[in-house]
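1. Return atomic coordinates for the entry below.
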Amino acid sequence: MGIVSLITFRYIRGSRVLGLLSLKSRLSFIVMTVGVSLLIVVLSIFNGFQRQVKESLWNGGPHITIENNFQTGQIPKYNKIIQAMERKEDLMEYIISIQGNITSHGLIRNNNNFVPVMIRAVPIESTTDLILNKIPNFPRLEYYNREALKKINKKDMLVLGKEMASLYSFNLGSKVTIAVPTGSFNLTKGVDLNIAPFSVSGFFKTGYYNYDSKFIFMSLPVAQKFFKMKETVNQITVKVKSLDDLQYCKTAILSVLRSPEVEELIEPETYFTVRTIAEEQKNFLAALKMEKTIISNIVFLFIILAALGMVATVYSLVRSKRKSIGTLKALGLPSSQILLVFTLNSMIIGVVASVIGGIIGIYYAVNLESIINGLSEIINTVGMIIYKTEWRNVELVPKDIYYFDHLPVDIDISFIFMVTTASTILSGLAGYFPARWAASLDPIETIKND
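-> Model (predicted):
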């Protein structure tokens, strides 16, 4: 192996005394390095997006939703239905909470316009639990007025998303006007509206832009009065312990809703539907997964391209070293070691490129948001100098398009190891086939003809 290592590193170094790579190896090395680093950055961003979406959806809203799809959609005696579910022990061991909610579209007044929003009302038993984020289906508060929150069950108080407050310039204590539909829809009269002023008592933040800019939360008793729903709700929501438990819990809930005990509580025309969060967001999550797969395949082509370049590099190296190969074989170096020399040549380049590409990819993934913000500042500074007042600031990662208030990145070390291993194997395979040709050369013919 001593002579094999010596020859291998000599061929990698090239003809220059202080050179690290021969001219023929540099292009393949650069393409391989860029491909590995780019794949790590892209996949880290997509992993971060998927993790952030799942966490925001999982923490921000209900996991299983039960609704009555008949007429008004209201669920009377919902507390007794909840009690029937709570008596099912094999169901409750997978469940964190069950509660009645009101969720509805509404309109919020912004200057002279009404903007569509989503309103969700949940039971709030304690202001302390609300502040400590212990209320199911209620997001974490970031800013709040403690004294105002103490009256949230009695007064017209609400909590807004932080992004909504920024969009419409709402502050703590601001008075906002909200309009909501009440009663059932009528073809002749349409739908009745109830309009009332509310006071902002706090702001929440989930990190999911669409959620933080569209949702309004209030107490269930206040919402029942506002929506004129008396002692009813339009949803029963369930939070489960794990995503893996969703389907089992849905099946168990359906069995409870069809039991004689619950059928005695509901009106004959009641028609319950049960949806899980995985079903509601199925298309969105599937699209996100498909985008990740497509982008990964496209970026992986860079590594394939580098491997093909490695084939050409090693083939060119064999052609230029034919006389040396013939001499080595004439001196007694076996064909297996000739094969090993050129296979190791490409594999070592692949290992070095993978390691350096992995380091660069991790660095860029960790610092990507700062790098993008820096680029945005440079672009905007140059734009202001050239175009002055006509320039409009550029945002390279717009929050209203990419949903999040920051760029989520999730670096998966096991994935990085898989990428570097795959690129190393591809490099070895790329060098193997030209190396076989080198090992099959006739030493007499190569020395005579070269």
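
2. State the helix or strand in which Y387 lies.
-> Element membership for Y387, per DSSP states H and E: helix 335-387.

3. Which elements pack onto that helix?
-> Applying 3 or more Cβ pairs under 8 Å, 6 or more residues apart in numbering; DSSP states H and E, one finds that helix 335-387 contacts helix 2-13, helix 23-60, helix 282-320, helix 322-330, helix 413-439. All C-beta spots, glycine's among them, are computed from the backbone N, C-alpha and C.

4. hmm, which helix or strand of this structure has the shakiest average pLDDT?
-> Least confident helix or strand of the chain, by mean pLDDT, DSSP states H and E, is helix 399-402 with a mean of 56.

5. show me the contacts for the residue nearest to S354 when sequence neighbours are not counted.
-> Leaving aside its sequence neighbours, S354 sits nearest to T420 (Cβ to Cβ, 6 or more residues apart in numbering; 3.9 Å). Residues in contact with T420, defined by Cβ atoms under 8 Å, 6 or more residues apart in numbering, are 36, 354-355, 357-358.

6. my guess is L149 meets S201, correct?
-> Yes: here L149 lies in contact with S201, judged by Cβ atoms under 8 Å, at a distance of 5.3 Å.

7. Quick check on these two: which one has the bigger neighbour count.
-> Between L149 and S201, counting by other Cβ atoms under 10 Å, S201 is the more crowded of the two (27 against 20).

8. my read is that one is in a strand, agree?
-> Yes: read with DSSP: H, G, I helix; E, B strand; the rest coil, S201 is one of the residues of a strand.

9. any idea which helix or strand carries the nearest residue to it once chain neighbours are set aside?
-> In space, and not counting its chain neighbours, S201 is closest to A148: 3.7 Å by Cβ to Cβ, 6+ apart. For A148, the enclosing helix or strand under DSSP H and E is helix 146-149.

10. what does the average pLDDT come to for the helix or strand that comes right after that helix?
-> Next helix or strand after helix 146-149 toward the C-terminus (DSSP H and E): strand 157-161. Along strand 157-161, the predicted confidence averages to a pLDDT of 91.

11. Each with direction, which strands does strand 157-161 pair with?
-> In the sheet, strand 157-161 lines up against strand 190-204 (parallel), strand 215-219 (antiparallel) (DSSP bridges).

12. Now do it against helix 23-60: the angle between them, please.
-> For strand 157-161 against helix 23-60, the angle by axes from the mean of the first three to the mean of the last three Cα atoms, to 10 degrees is 170 degrees.

13. got the contact list for strand 157-161?
-> Counting by Cβ under 8 Å, 6+ apart, the neighbours of strand 157-161 from elsewhere in the structure are 139, 141, 144, 148-149, 151, 170, 176, 178, 198-206, 211-219, 222.

14. one more time with 6 Å, if that's ok
-> 148, 151, 170, 198-204, 212-213, 215-218 (Cβ atoms under 6 Å, 6 or more residues apart in numbering).

15. for stretch 141-158, how far is the first residue from the last?
-> 12 Å (Cα to Cα, to the nearest Å).

16. Can you mark which positions in that stretch are buried?
-> Of all the residues in stretch 141-158, those buried under the rule 16 or more other Cβ atoms under 10 Å are 141, 144, 148-153, 156-158.

17. Check those and tell me the two furthest apart.
-> Within the buried residues of stretch 141-158, L141 and D156 form the most distant pair, 18.2 Å apart (Cβ to Cβ).

18. that older thread, so which of the contacts of T420 is the most crowded?
-> For the contacts of T420, neighbours tallied by other Cβ under 10 Å; top is V36, 31 neighbours.

19. Next up, the contacts around that residue.
-> Per Cβ under 6 Å, 6+ apart, neighbours of V36: 354, 357, 419, 423.

20. Identify the residue nearest it in space, chain neighbours excluded?
-> Closest residue to V36 in three dimensions, ignoring its sequence neighbours and counting by Cβ to Cβ, 6+ apart: G357, at 3.0 Å.
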